[in-house]
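1. Just the structure for this:
(one chain, ligands or ions: 1)
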Amino acid sequence: MNNFIYHNPTELVFGKGQIARLAKLIPADKRIMITFGGGSVKRNGVYEQVIRALEGREVVEFWGIEANPSVETLRRAIALGKERRVDFLLAVGGGSVIDGTKLIAAGLLYEGDAWEIVLKGKAGKTVPLATVLTMSATGSEMNNGAVISRYETKEKYAFYGDYPVFSILDPETLYSLPVRQIACGLSDTFVHVLEQYMTTPGQSRLMDRWAEGILHTVIEIAPRALAEPRDYAVMSEYMLAATLALNDMIRMGVTQDWATHMIGHELTALHGLTHGATLAIVINGTLRVLREQKRGKLLQYGERIWGVTEGTEEERIDRTIEATERFFRSLGLSTRLSEEGIGAETIAEIERRFDALGAKYGEAGNVDGATARRILEACL
Ligand SMILES: NC(=O)c1ccc[n+]([C@@H]2O[C@H](COP(=O)([O-])OP(=O)(O)OC[C@H]3O[C@@H](n4cnc5c(N)ncnc54)[C@H](O)[C@@H]3O)[C@@H](O)[C@H]2O)c1
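-> Okay, here's the model as predicted:
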């Protein structure tokens, strides 16, 4: 195992009715700004629960953080927060609202333009932030990452801010999610695990088993989560699986990859494709093109997750990659770029962007422009 420091300060408050605890969780002297997306929380009762819990408190509302949050919108939130001298942020929404709020948290204490924080990759001082999660996928409720878009240039990059002080996870908030969002959330969860697992084998049995536990859980619950999104037990498992997939827990002392995510972000930036939907396509190309490098882990994953034990190593790897692609299709997601009308032009643009950035992504630092092109061509 490599050396590591594990410090995840987010307090997880899980279960039915827990939004009512907000008043106790946020210190009484705070000037709170609550951030929202487009309004689903007004239709599913979450907004009402939040406002009732914070009755009598000084609160500013900011609405309109879009899916794939844009710096253009977040600049307006930062200006409002500065004007109202906000010193606590409560994000109510999915990964997009939470990520956007992480940039607001940094922007409130920054003199320059917020996009500079994104380009630096790391925030300086931040205002404390907490979350009420309404869409499970990103793990943003219990990590310090955030992904921000700049619409005018069609760019999308990650930066590191601070961890939420607390996050409330009430599985009932997920009941109103459209089936496609649940599918994308399950896909995102699955690929988060693979980014931290599909690397050099033999680094940690413990990390492998935790990762495999999440993969098995997602595979088992996926059909029911899609068919019965109001089943509390199933949505509880989905919600917690998504959080545990990206809260630093399964990456202690092991190497990581993230090349699939970097390519996926480009597809979102250029085509607006939902994050989890990009991953369901790109991961298949990554596994095909990097199969030599990932041979040991592919064989382990095939055997332990998909029960692939018969045949030569090449046959087992083929069947394992096919099983993975079938899983994403079972979620109702595309696994080919052509199904989304994406082709050679986009591939060339992503290669050009990676080359311009001097990209060297992935565990081995070998996913540059040319490799990204091969990965994307392998999922045409
Ligand atoms: N911070 C991280 O670690 C991390 C990791 C992966 C991805 N991301 C980023 O997070 C963003 C995606 O976040 P997401 O997948 O959570 O989705 P999201 O927050 O973009 O939400 C997806 C859609 O679902 C709607 N929605 C949310 N909750 C709802 C509910 N309860 N009922 C009905 N509709 C609801 C939203 O309004 C939105 O239209 C992307 O920008 C992605 O790049 C961040």
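
2. Can you report how many residues lie near G272?
-> G272: 12 surrounding residues under other CB atoms under 10 Å. In short, each C-beta sits where N, CA and C put it, glycine included.

3. Up against the ligand, what does the stretch 51-200 of the chain have?
-> Applying CB under 6 Å from any ligand atom, we find that the stretch 51-200 of the chain lies next to the ligand at 67-68, 93-97, 99, 134-135, 137-140, 143, 145-147, 173-174, 176-177, 181, 185, 188.

4. from the residues you listed, which ones fall inside helices?
-> 95-97, 99, 181, 185, 188 (DSSP state H).

5. Which of those are buried, as a ChimeraX select command?
-> Entered in ChimeraX, the line below selects the buried ones among those, by 16 or more other CB atoms under 10 Å:
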select :95,96,97,99,181,185,188
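
6. Excluding residues flanking it in the chain, which one is nearest the residue sitting nearest the centre point of the chain?
-> Nearest residue to the geometric centre of the chain (CA atoms, centre = their mean): T138, 2.5 Å. Excluding the flanking residues, the one nearest T138 by CB to CB, 6 or more residues apart in numbering is G95, at 3.1 Å.

7. swap in I219?
-> F327 (6.5 Å).

8. C-terminal to the helix or strand encompassing the one you found, what's the next element?
-> Using DSSP states H and E, F327 maps to helix 313-330. Per DSSP H and E, the first helix or strand lying C-terminal to helix 313-330 is helix 344-357.

9. And the contacts of whichever helix or strand comes after that next one?
-> Downstream of helix 344-357, the first helix or strand assigned by DSSP H and E is helix 369-377. The contact list for helix 369-377, computed with CB atoms under 8 Å, 6 or more residues apart in numbering, reads 259, 262-263, 282, 285-286, 288-290, 337, 346-348, 350-355, 359, 361-362, 367.

10. From L333, how far off is the residue of the stretch 201-350 of the chain found nearest the ligand?
-> Here the stretch 201-350 of the chain gets closest to the ligand at one residue, H275, 3.9 Å apart by CB to the nearest ligand atom. To L333, H275 is 12 Å away according to CB to CB, to the nearest Å.

11. More neighbours: which of these two?
-> H275 (25 against 22).

12. ok, back up a step: what's the residue nearest to the centre of the chain in contact with, if anything?
-> Here T138 is in contact with 94-95, 98-99, 188, 242, 246, 275 (CB under 8 Å, 6+ apart).

13. Tell me the one of these nearest G311?
-> Using CB to CB, D188 is the member of the contacts of T138 that sits closest to G311, with 30.9 Å.

14. so what are the domain limits for this protein?
-> 11-173, 178-377 (automatic domain parsing).

15. could these be laid out in TSV, adding mean pLDDT?
-> Listed next are these as TSV, based on pLDDT from 0 to 100:
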stretch	mean pLDDT
domain 11-173	97
domain 178-377	98
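
16. between those domains, which gets nearest to N3?
-> domain 178-377 (7.3 Å).

17. mind checking how far the closest one is from the chain centre?
-> Centre-to-centre, domain 178-377 and its host chain are 12 Å apart (CA atoms, centre = their mean, to the nearest Å).

18. what's the answer for stretch 159-176, then?
-> So, by CA atoms, centre = their mean, the centroid of stretch 159-176 is 12 Å from its chain's centroid.

19. Can you get me the start-to-end distance on that stretch?
-> 30 Å (CA to CA, to the nearest Å).
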